[in-house]
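> need a structure here:
(2 chains)
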Amino acid sequence: MVPLARRNLLSEKARFAMSIAGVAFAVLLILIVVSLYRGWSDVGRFYEQLPGDVWVAQPGTSDPFHSTSFLPLADAQRLGNVKGVKTVIPVYARHIAFGEHGHELDVFAMALAVPRTAGAQPRTYEPSAGTIAIDGMLASQAHVGVGDSLRVLGRPLVVASVHSGGNSIFQTAFLNAADARALFGIDELANFLLVDVVPGAQVPAVAAALRRALPGTETHTSEQFATSFADRVNAGFLAVVGVLVAIGFVVGGAVIALTTYTATVERAREFGVLKAIGASGGFLYRIVVRQSLIVGVLGAAIGIAASVAATRLIRSGVPEFIAVLRPLDATGVFVVAILMAIAASYVPVRRINRIDPAEVFRA
Amino acid sequence: MNAPLLRVDRASREFGSGRTLVRAVADVSFATERGEVTLIMGPSGSGKTTLLSMIGGILRPTSGRVVIDELDITSLRRRELPRVRRELVGFVFQTFNLLESLSALENVEIALNIAGVTGFAAEERAHALLREAGLEQRLHFNAQALSAGERQRVALARALANEPRLLLADEPTANLDSDAGHDVMALLRGLTESKGHAAVVVSHDPRLREVADRVLWLADGRLTSAEPESRVRPSASVGSPTPTTLPTLVLGP
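Numbering: from 1, shown residues only, chains lettered A, B, ... in the order given. A predicted model of the protein is given here:
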């Protein structure tokens, strides 16, 4: 087949390049917004990295970051006797605000009273007394590193380690459990009890047994907390993300429609000639749709490639913004861009319908 | 006796209505045989192009019939007419109407694509037609880079791409200088004879009488007279070129 669609577009190279750039930019904006949204939604995966399978909490708890809970520390002993329970880890968690180098910082601090296992190396979430483990974002904002001191709730704590993670809305720190009890002033209480289930035991069955053993409490899995966290992010951002994505698609679609329409109007006489020499409506529509698809596919492909590069840049240059570009999101945007390109052909196709082949006899 | 290839039977075409009614073509009847070149002459506004459009299935007659190779195209539905234009009729226009972004070869090839011929078959046929039109050395030239005479020869090759029964040419020499016009008409004459189709040419150009088998005169939309065959087409004067001699013609810029 004669590549008329491509030739029509390439006859105005500057406009063709600008159209592709326009679509690519729209796709880039869409994917950046979606990547940031995914990054925020995934923050709750933090809970799944902690030891334990089932969280026991007071009723009405969403997740430790968004709500709090208080349980008697003695309940840990009772839960330890439930069948299928390996260990019960008292968890202390609250937001702490503190000033450092003139900055008011807010950190989500947790402490896990993990039973000591002889010979085992302490994990990131098990700092020793008088120390604190902080994430990279907090370290950056507080301008501190390992060995530096942070004053938390009036007490100096030495930074024992800096772990990866943290972002503009969620910075984490791990305290020693004994320090946390003293700092939070909750000697006989824990905020949550995190239960580690014995290998092979059914987590839902153990969770039900825990609720029976401790009436007036509720249980959540780490995955449920992660989902709950994502739901709250969705509630806050989804509408905004949706609007931005919609604007991106409308802008991209408008660029394609305008380019195809202009290329069609400029070549109206030639389309009339093709009609006069017997081209069917379908033959002409395919030329127009091809024109749209060339712009849409090239623009989307370049936009996706630019998004991959941009998310990498964001992760390295602006770590407080977590950008997660999922292949499925990129594929989805690509597919929508193609559908958008086809839809953008509608107006030019209508224009072609109105072309009178008899016009070609006019000199 | 064979039926004529083209029969126009009391064809009329009106535009507008009431006081603004214009009768562009009125009760025109004529027939054309295979291998025959019919020249329709007449002043501007006499209805020549409207008549040609009706014969080519672009405009529908208000009344009357147009029959091509025993197919009454006026009885066809609108969506069937593109098929008539790509299979039965080939058009040559005054302003050539080549697609500017395509090469000479592609301009012919796209007519074949329209008829469903694609790939190597289309390229080979387009190549052969352009060779026949003496444009072997211009195959890959962009349409804009060709001279007026070359462009009209590409247009002629395009018109013949799908082996039409009828070639329709609207003022084919109007934008050509004398030599180029002569060459294009010689080519048209030769191809019409060799391929056995018929040609209907509308023109102001009296020189075209030399290649016509007969001339029809149109004035105010009506056919006023037809010159007898003997009075026209002194074939020796245009060399009576055969297709095999066409590429060797000296053609204008």
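> near chain B at all, the helix or strand A:Ala5 falls within?
Per DSSP states H and E, A:Ala5 falls inside helix A:4-10. Yes: Helix A:4-10 reaches chain B (C-beta under 8 Å from any C-beta of the partner chain) through A:Leu4, A:Arg7, A:Asn8, A:Leu10. The way it works is simple: take the backbone N, C-alpha and C, and place the C-beta from them, glycine included.
> Buried only: go through the residues you listed for me.
Buried positions within the residues of helix A:4-10 next to chain B, assessed by neighbour count (16 or more other C-beta atoms under 10 Å in any protein chain shown), are A:Leu4, A:Arg7, A:Asn8.
> looking at it, the first one is touching B:Asn107, isn't it?
No: shown here, A:Leu4 and B:Asn107 do not form a contact pair, counting by C-beta atoms under 8 Å, at 10.2 Å.
> so what's the backbone phi/psi at the closest residue to chain B within chain A?
Using C-beta to the nearest C-beta, A:Gly278 is the residue of chain A that sits closest to chain B, at 2.5 Å. A:Gly278 has phi and psi values of phi 110, psi 10 when expressed as degrees, to the nearest 10.
> Likewise for B:Ala174?
phi -60, psi -30.
> Now it: closest residue in space that isn't a chain neighbour?
B:Gln94 (4.8 Å; C-beta to C-beta, 6 or more residues apart in numbering or on different chains).
> how about that neighbour, what does it touch?
A:Phe361, A:Ala363, B:Asp170, B:Glu171, B:Pro172, B:Ala174, B:Asn175 (C-beta atoms under 8 Å, 6 or more residues apart in numbering or on different chains).
> State the pLDDT value of the spatially closest residue to B:Asn97 that is not a sequence neighbour.
Leaving aside its chain neighbours, B:Asn97 sits nearest to A:Val273 (4.4 Å; criterion: C-beta to C-beta, 6+ apart). pLDDT recorded at A:Val273 is 94.
> What strand or helix carries A:Val273?
Counting by DSSP H and E, A:Val273 is found in helix A:268-276.
> Then B:Val200?
Per DSSP H and E: strand B:198-203 holds B:Val200.
> quick one: contacts of that strand?
With contact meaning C-beta under 8 Å, 6+ apart, strand B:198-203 is reached by B:5-6, B:32-42, B:48-49, B:51-52, B:55, B:165-174, B:188, B:192, B:208, B:212.
> which is the next helix or strand following whichever helix or strand A:Ala178 is part of?
Assigned by DSSP H and E, A:Ala178 falls within helix A:177-184. Using DSSP H and E, the helix or strand that follows helix A:177-184 towards the C-terminus is strand A:189-190.
> what secondary structure does the residue of the stretch 1-150 of chain B found nearest chain A sit in?
Nearest residue of the stretch 1-150 of chain B to chain A: B:Arg86, at 2.5 Å (C-beta to the nearest C-beta). Look at B:Arg86: counting by DSSP: H, G, I helix; E, B strand; the rest coil, its state is helix.
> From A:Ser280, how far off is it?
8 Å (C-beta to C-beta, to the nearest Å).
> Between the two, which contacts overlap?
Common neighbours of B:Arg86 and A:Ser280 (C-beta under 8 Å, 6+ apart) are B:Ile114.
> Flag the shaky bits of chain A, pLDDT-wise.
Across chain A, the ranges flagged by pLDDT under 70 are A:100-102, A:118-119, A:363.
> In chain A, spot the strand with the most residues.
strand A:85-100 (DSSP state E).
> Tell me the helices and strands packed up against that one.
helix A:75-80, strand A:103-112, strand A:149-152, helix A:177-184, strand A:189-190, strand A:192-197 (3 or more C-beta pairs under 8 Å, 6 or more residues apart in numbering or on different chains; DSSP states H and E).
> closest to B:Ala161 out of those?
Across these, B:Ala161 has its closest neighbour in strand A:103-112 (74.6 Å, C-beta to C-beta).
> which parts of chain B sit against chain A?
B:49, B:52-53, B:56, B:58-59, B:82-87, B:89-91, B:93-95, B:97, B:99-102, B:106, B:109-111, B:113-115, B:118-119, B:158-159, B:162, B:170-171, B:174-175.
> In helices only, show me these.
In this view, the residues of chain B next to chain A that belong to helices under DSSP state H are B:49, B:52-53, B:82-87, B:106, B:109-111, B:113-114, B:119, B:158-159.
> Now for B:Gly16, how many residues are close by?
By other C-beta atoms under 10 Å in any protein chain shown, the residues close to B:Gly16 number 10.
> For it, which residues are in contact?
Neighbours of B:Gly16 in contact, by C-beta under 8 Å, 6+ apart: B:Val22.
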